[in-house]
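# this one's sequence-less:
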């Protein structure tokens with residue numbers, strides 16, 4: 001078996017943790033300590049984050065999308081595959097090295113999606129983009145940390161508390177969707193979404209899509225149309 005080779009590392013702004021990019025043959029992994037945050041062979045649930053959301057906003061003209069976390073680009077590529085040519089996608093990524101990895105060693109994984117004219121990269125905190133976007137988005141897709149329980153940054157918890165959820169609701173247009181990826185279920189988070197004024201559905205997905213893999217959860221929280 002081929003050994004893993006560490007290609008690069010990057011500090012997380014405002015935190016003590018360090019991200020490490022590793023490669024084994026054609027496979028890539030992004031690690032935080034002993035935790036694997038993502039792997040280039042496992043993309044099913046991240047892709048579902050985009051496609052499930054699109055099913056609920058496809059009647060919206062000229063949709064505007066905010067994606068929190070670039071990762072390995074699975075959610076972005078899935079969104080580009082279904083969104084119309086007049087759509088706009090903003091990807092908020094806090095760690096500059098992650099964008100550099102997308103254009104460098106992982107270019108084959110990203111397949112040029114960052115160069116799509118519908119895509120804008122926001123180098124910074126997705127929470128800032130949410131708070132600045134009153135009514136600006138048809139859907140906000142959050143694939144940040146391991147979900148509502150922050151793993152890479154404690155400050156990410158602020159995305160998922162009542163203040164963060166209300167800010168996300170305010171950033172959505174009427175009938176807009178907040179979609180949140182998680183490594184597992186969280187009944188308390190479901191209740192917080194409902195108490196924040198959303199209608200909520202929790203969808204179980206698999207890391208490898210129809211081929212199985214680890215079980216993940218995607219919350220689809222819809223802002224009332226009026």
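Cool, got the structure. What you are looking at is a predicted structure, and each value in this text was computed from that prediction instead of being measured.
# how about the residue nearest to residue 188 when sequence neighbours are not counted, secondary structure?
With Cβ to Cβ, 6 or more residues apart in numbering as the criterion, residue 188 has its nearest non-adjacent residue at 8.0 Å, and that residue is residue 148. To be clear about C-beta, it is placed using only N, CA and C from the backbone, and glycine gets the same treatment. Here residue 148 is coil, with the state taken from DSSP: H, G, I helix; E, B strand; the rest coil.
# residue 185 reaches residue 202, doesn't it?
Yes - the pair residue 185 and residue 202 qualifies as a contact (Cβ atoms under 8 Å) at a distance of 6.9 Å.
# against residue 38, how distant is residue 107?
From residue 107 across to residue 38, the span is 16 Å (Cβ to Cβ, to the nearest Å).
# more neighbours, these two?
residue 38 (19 against 12; other Cβ atoms under 10 Å).
# which residues does that one bridge with?
Beta-bridge partners for residue 38, by DSSP bridges, are residue 30.
# that one: what's it in contact with?
With contacts defined as Cβ atoms under 8 Å, 6 or more residues apart in numbering, residue 38 is in contact with 29-30, 46, 71-72.
# pLDDT score for it?
On pLDDT, residue 38 comes in at 88.
# relative to residue 163, how far out is it?
27 Å.
# can you check residue 185 too?
23 Å.
# what's the answer for residue 134, then?
15 Å.
# what does residue 95 give?
24 Å.
# between those two, which one's more packed in?
residue 95 (20 against 13).
# how about that one, what does it touch?
10-13, 19.
# make it 7 Å
10, 12-13, 19 (Cβ atoms under 7 Å, 6 or more residues apart in numbering).
# check residue 122 too.
90-92, 129.
# show me the two of those that sit farthest apart.
Taking Cβ to Cβ as the measure, these span a maximum distance of 9.6 Å, between 91 and 129.
# so between the two, which is more surrounded?
Under the neighbour definition other Cβ under 10 Å, residue 91 and residue 129 were set side by side, and residue 91 has more, 27 against 20.
# helix/strand/coil for that one?
strand.
# ditto for residue 220
Classified using three-state DSSP, residue 220 is strand.
# can you show me the helices along this structure?
44-57, 74-82, 96-103, 107-110, 126-132, 157-160, 162-171, 187-195 (DSSP state H).
# which elements pack onto the first one?
Spelled out, that is helix 44-57. Other helices and strands packing on helix 44-57, by 3 or more Cβ pairs under 7 Å, 6 or more residues apart in numbering; DSSP states H and E, are helix 74-82, strand 137-142, strand 172-182, strand 199-206, strand 215-222.
# run the chain-centre distance for that helix.
11 Å (Cα atoms, centre = their mean, to the nearest Å).
# now it and helix 74-82, what's the angle there?
40 degrees (axes from the mean of the first three to the mean of the last three Cα atoms, to 10 degrees).
# if we go by neighbour counts, what in helix 44-57 is buried?
Judged by neighbour count (16 or more other Cβ atoms under 10 Å), helix 44-57 contains these buried residues: 44-50, 52-54, 56-57.
# kindly reformat the residues you listed as TSV containing distance to residue 86 and pLDDT.
Rendered in TSV, the data for these read as follows (distance: Cβ to Cβ, whole Å; pLDDT from 0 to 100):
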residue	distance to residue 86	pLDDT
44	28	69
45	28	78
46	24	82
47	22	87
48	24	88
49	22	90
50	17	93
52	21	94
53	17	95
54	14	96
56	19	95
57	14	97
